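J.: okay, predicted coordinates and the sequence, questions at the end:
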Amino acid sequence: MKITEVRIFTRDNSDDKVKAYVSVTFEDAFVVRDLKILEGVNGLLVVMPSRRMHISCSECGYKNRYKSRFCNQCGKNIEKVSQQIPVSRKEEYRDIAHPINTEMRNYMQGAIIKAYEEHIKHSGNADKADMEEIS
């Protein structure tokens with residue numbers, strides 16, 4: 001599967017760990033949005049799009065965050081229910097889309113980081129979206 005386009009949307013705040021948001025197009029036919037480029041301990045890394053997981057209230061069915069103690073809709077105590085589901089910080093979020101194998105992850109990360117570095121080198125303007133064709 002070939003990456004045909006990488007769009008980089010840089011962030012204004014240089015102190016933030018999130019350096020840019022990314023959209024990746026595969027074979028001019030499928031797009032994945034909201035990937036993030038983060039400044040990690042060992043350099044830049046690409047994070048897949050994710051969403052926060054929820055737990056439903058047994059009383060009204062409202063979707064609350066996993067670690068909520070009370071329902072945001074009806075006020076029922078849901079602490080006992082949420083304590084039954086052990087959730088670490090990593091388990092609180094789930095990837096929406098992600099590569100299945102290391103080869104694809106490395107291919108995507110390499111192409112995205114390359115496009116980001118070229119964007120920074122050529123633009124210098126953090127507000128502008130840049131499109132890079134990947135061969």
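T.: Arrived safely. Numbering: from 1, shown residues only.

J.: could you use CA atoms for every contact and neighbour count after this?
T.: Will do.

J.: pretty sure residue 1 contacts residue 26?
T.: Yes. Assessed by C-alpha atoms under 8 Å, residue 1 is found in contact with residue 26 at 6.7 Å.

J.: mean confidence score for the helix ranked longest in the chain?
T.: Longest helix in the chain, counting residues (DSSP state H): helix 102-122. Helix 102-122 comes out with an average pLDDT of 94.

J.: likewise stretch 17-26?
T.: Per-residue pLDDT over stretch 17-26 has a mean of 94.

J.: from the chain's centroid, how far away is the longest helix of the chain?
T.: For helix 102-122, the distance from its own C-alpha centre to the chain's C-alpha centre is 15 Å (C-alpha atoms, centre = their mean, to the nearest Å).

J.: can you check stretch 50-68 too?
T.: Computed by C-alpha atoms, centre = their mean, the chain-centroid distance of stretch 50-68 equals 20 Å.

J.: what of stretch 30-46?
T.: Computed by C-alpha atoms, centre = their mean, the chain-centroid distance of stretch 30-46 equals 7 Å.

J.: what lies in contact with that stretch?
T.: Residues outside stretch 30-46 that contact it (C-alpha atoms under 8 Å, 6 or more residues apart in numbering) are 17-25, 47-49, 97, 109, 112-113.

J.: and that stretch, which residues are buried?
T.: The neighbour-count check on stretch 30-46 (16 or more other C-alpha atoms under 10 Å) flags 32, 34-39, 44-46 as buried.

J.: and those, which is closest to residue 58?
T.: Comparing those against residue 58 with C-alpha to C-alpha places residue 34 closest, at 32.2 Å.
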